[in-house]
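[1] No letters, just coordinates:
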Ligand code: MOS
């Protein structure tokens, strides 16, 4: 940490609880008298509800209520929607969509009735009895057919960008123009989305949520019901994966809260796997074009990156699809254009590596295509265009060790075995290929508060409201506290994921280790100073030593020679202190504007392609992260491996297929929507550069969640090209695309 030693790997602090069932997820909380809510959804993609027969459902056993746009209880805060493209809030974006708000149907899968019964089975049965008739209107759900209807989002960030000459690539001696597409991908954590709401008093509510931010959910519910925030208690200590889908409070969560209040019972709602495709967002179908020009010597002359993505008719969803192209390479002429097309679809949302994962597929595939045209090694081509400083903002990077990352990854995968001639390596029935790509994502430091309490039994408690959605945040926070105070790991307890705890942002955007970790670091440093003062008091054991030379280790404070020591426990006892407590807010300073802060990754894969079947296997994967100092190497490695698993799905199998005649997904279940399973994922080698970033935060740590995925799909596509000579530019790379494609 402050010194330059790498941190040791430690076990996941909640590992035992997770594998023994001790960890409780929102749907597992047992409340007396709980009722269950099941959602009935629209079959059509656009139109109005002509009739909604709820009589039979209302009469079914155990049914407590059937709520429709005619009977939905009012939500006081929904009268005045917030403005702007807010990531949170009731319901979103200042636009008109309110669940059960009118007879309008805006997308297939839109909730049209909520059925509440005294058991889940009774609610499920009654839901089948609700019958709707519609007045259909013509819908538009196909992005490809509607690509000419793209509009540039109003937010400054998404304005067309030009550096040098727009489309300057065209004047280069070697040029490339290619289209890349990604389909709809859906976050499919094991844990389904939903909420459990319990009004404990008329104006007090307890919410067990599936949320990436308890404080965000608290705000959203407080706004929706015009409550004081302190009357809304949100708990999400454990979450079975989010990947972006739980970064906002969805309208159905607010609706359940409204209905629970109305019927006077706690209500649990868990949506179905099918509903996960339309009720909690997805990565949007995106069409991209890259134009690239280079000199014969392999120096980039220009890149033009155009992207068109889908959004809903009722909300503008935007993401940084073309962001990476602006700064990734040293290139004089850059132009980017980003447009969105409103369709009769549910709204997309962020999904791991939002924007950049999509953009990197196009940019890093194009880099590989250009390297091939130039007869250059893809790493060499990237090195010839390496950006030493940020060419977009014209300022230094806070840290960038991408050259070292290329080298380490190349060594680990055996890049020297790669033949530059595609299709030239065969082992039995399989063609072998190697590919690589880079990824990057903003690394920032936000604002958070943390509390730390050391007590005279030698224990340390650390607290923050942040939710651990799975990457091991609890472990990382315990590691940081241990690194600052030297208190043994097993004596450190942590409390996370509850709105009563000190303020922390959403777990998202790869910022939590930086943001909340810094708060834990700072509050533990304050405790350390207070303990040092006690140790240095005139009659105390270390009196006369220098404060800045004290060593905290194993629950003791030592002088610099370790010849004198005092136990923290004894210090507290000697001062009649049962405990010593600090709460502290922490945020970045001017350095956040003086430097461009990004994490970088490099992914290398070896693939095996069977030319007879078109089957692609990722047979080796190496991911290298340049994420500053690694706080918790073991959980960090797990996070990188998870990124590879997601990346293999993105590259080879994941696609939500819509039948545009109906605007409905045909593979809306986990049997037909293929996420990568263990058998698809080879041994993954993770490598960390593990050099502290000197500016970003006191640990020198940058984020990692997004870069674990960003770029990976391009590495696979590049390896498939190297194996076969076939370039697939539309994900996923399914066998049909390889079999149907001429070399
Ligand atoms: Mo992530 S898409 O910020 O959960």
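    Nice, thanks for sending it over. Note that the structure is predicted; figures quoted are calculated from it, not measured.
[2] For residue 533, give its distance to the ligand.
    Taking CB to the nearest ligand atom, to the nearest Å as the criterion, residue 533 is separated from the ligand by 40 Å. C-beta: built from backbone N, CA, C; applies to glycine.
[3] Counting neighbours, what do you get for that residue?
    Using other CB atoms under 10 Å, residue 533 is surrounded by 12 other residues.
[4] for residue 409, same thing?
    Residue 409 has 23 nearby residues by other CB under 10 Å.
[5] can you check residue 235 too?
    So residue 235, with other CB under 10 Å, has 22 neighbours.
[6] going forward can the numbers begin at 54, since that is how I track them
    Got it, first residue is 54 now, which makes that one residue 288.
[7] ok, now which ones touch it?
    Listed by CB atoms under 8 Å, 6 or more residues apart in numbering, the contact set of residue 288 reads 79, 259-262, 267, 550-552.
[8] now residue 295
    Counting by CB under 8 Å, 6+ apart, residue 295 touches 240, 242, 263, 265, 522-523, 560-561.
[9] what about 7 Å?
    When contacts are counted by CB atoms under 7 Å, 6 or more residues apart in numbering, residue 295 touches 242, 265, 522.
[10] so how far is residue 268 from it?
    From residue 295 over to residue 268 the distance is 15 Å, taken as CB to CB, to the nearest Å.
[11] try residue 152
    Taking CB to CB, one finds residue 152 at 23 Å from residue 268.
[12] now check the helix or strand hosting residue 691, is it near the ligand?
    Using DSSP states H and E, residue 691 sits in helix 686-701. No: on the criterion CB under 6 Å from any ligand atom, helix 686-701 is out of touch with the ligand, staying 10.9 Å away.
[13] Helix or strand next in line after that helix, which one?
    Criterion used, DSSP H and E; the element after helix 686-701 is strand 711-712.
[14] Packing partners of the helix or strand immediately after that next one in the chain?
    Following strand 711-712 in sequence order, the next helix or strand is strand 717-718 (DSSP H and E). Of the remaining helices and strands, none touches strand 717-718 by 3 or more CB pairs under 7 Å, 6 or more residues apart in numbering; DSSP states H and E.
[15] who does strand 717-718 pair up with?
    Strand pairing for strand 717-718, using DSSP bridges, gives strand 711-712 (antiparallel).
[16] Could you find the closest non-adjacent residue to residue 393?
    Spatial nearest neighbour of residue 393, excluding adjacent residues (CB to CB, 6 or more residues apart in numbering): residue 364 at 4.5 Å.
[17] swap in residue 129?
    Spatial nearest neighbour of residue 129, chain neighbours left out: residue 279 (4.6 Å); criterion: CB to CB, 6+ apart.
[18] The one you found: neighbour count?
    Neighbours around residue 279, by other CB under 10 Å: 11.
[19] Isn't it up against residue 131?
    No: assessed by CB atoms under 7 Å, residue 279 is found out of contact with residue 131, at 10.1 Å.
[20] Per-residue pLDDT of the most far-flung residue of the chain relative to its centre, please?
    For the chain, the largest distance from the centre (CA atoms, centre = their mean) belongs to residue 592, which lies 52.2 Å off. For residue 592, the pLDDT comes out at 93.
[21] now swap in the one 5 residues further on and tell me
    Note for residue 597: predicted pLDDT of 93.
[22] Measure how buried it is and give me the count.
    Counted with other CB under 10 Å, residue 597 comes out at 9.
[23] So it: helix, strand or coil?
    Assigned with DSSP: H, G, I helix; E, B strand; the rest coil, residue 597 falls in the coil class.
[24] From the ligand, how far off is it?
    Look at residue 597 and the ligand: by CB to the nearest ligand atom, they are 50 Å apart.
[25] repeat for residue 605
    34 Å.
[26] Residue 589 contacts residue 599, correct?
    No: checked against CB under 7 Å, the pair residue 589 and residue 599 is beyond contact range at 8.5 Å.
[27] Tell me which of those two has more neighbours.
    Ranked by neighbour count (other CB under 10 Å), residue 589 and residue 599 place residue 589 first, with 18 against 11.
[28] Residue 594: what's it in contact with?
    The neighbours of residue 594, taking CB under 7 Å, 6+ apart as the test, are 588, 617, 619.
[29] quick one: low-confidence ranges for this structure?
    54-57, 132-149, 794-796 (pLDDT under 70).
[30] So which bits of it are right by the ligand?
    Close to the ligand, as judged by CB under 6 Å from any ligand atom, the chain has residues 265, 295-297, 300, 403-405, 407, 561-562.
[31] let's go with 8 Å and repeat that
    Listed as neighbours of the ligand in the chain under the rule CB under 8 Å from any ligand atom: 265, 295-300, 402-407, 522, 559-563, 758-759.
[32] Please enumerate the strands of the stretch 54-203 of the chain.
    Taking DSSP state E, counting those that start in this stretch, the strands of the stretch 54-203 of the chain run over residues 88-94, 100-106, 116-120, 157-158, 164-170, 184-189.
[33] wait, which of these is closest to residue 320?
    Closest approach to residue 320 among those is made by strand 88-94 (5.0 Å; CB to CB).
[34] what about the strands in the stretch 604-753 of the chain?
    Using DSSP E, counting those that start in this stretch, strands in the stretch 604-753 of the chain cover 604-606, 609-611, 618-620, 632-639, 651-663, 668-679, 711-712, 717-718, 737-741.
[35] Quick check: which helices or strands does the second one pack against?
    Read that as strand 609-611. Helices and strands touching strand 609-611, as assessed by 3+ CB pairs under 7 Å, 6+ apart, comprise helix 565-589, strand 618-620.
[36] Pick the most buried one from the ones you listed.
    Burial of the helices and strands packed on strand 609-611 is given as mean neighbour count (mean count of other CB atoms under 10 Å); helix 565-589 ranks first at a mean of 23.
[37] Which strands or helices does that one pack on?
    For helix 565-589, the packing partners by 3+ CB pairs under 7 Å, 6+ apart are strand 501-508, helix 526-538, strand 609-611, helix 621-627, strand 632-639.
[38] Give the stretch among those with the greatest mean number of neighbours.
    helix 526-538 (a mean of 26).
[39] how much does that helix deviate in direction from helix 686-701?
    150 degrees (axes from the mean of the first three to the mean of the last three CA atoms, to 10 degrees).
[40] Mind giving me the packing neighbours of helix 526-538?
    Helix 526-538 makes packing contacts with strand 513-516, strand 545-548, helix 565-589 when contacts are defined by 3+ CB pairs under 7 Å, 6+ apart.
[41] Dump those to a markdown table, plus distance to residue 100.
    Formatted as a markdown table, the helices and strands packed on helix 526-538 follow (distance: least, CB to CB, whole Å):
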| stretch | distance to residue 100 |
| --- | --- |
| strand 513-516 | 50 |
| strand 545-548 | 49 |
| helix 565-589 | 42 |
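[42] do you know which of the strands of the stretch 604-753 of the chain lies nearest residue 213?
    Closest to residue 213 of the strands of the stretch 604-753 of the chain, according to CB to CB: strand 651-663, at 22.3 Å.
[43] Strand partners (parallel or antiparallel) of the closest one?
    Looking at strand 651-663 with DSSP bridges, its partner strands are strand 483-495 (antiparallel), strand 668-679 (antiparallel).
[44] Could you single out the nearest of the contacts of residue 594 to the ligand?
    residue 588 (41.8 Å; CB to the nearest ligand atom).
[45] Tell me who's in contact with that closest one.
    Contacts of residue 588 (CB under 7 Å, 6+ apart): 594-595, 603, 610, 619, 624.
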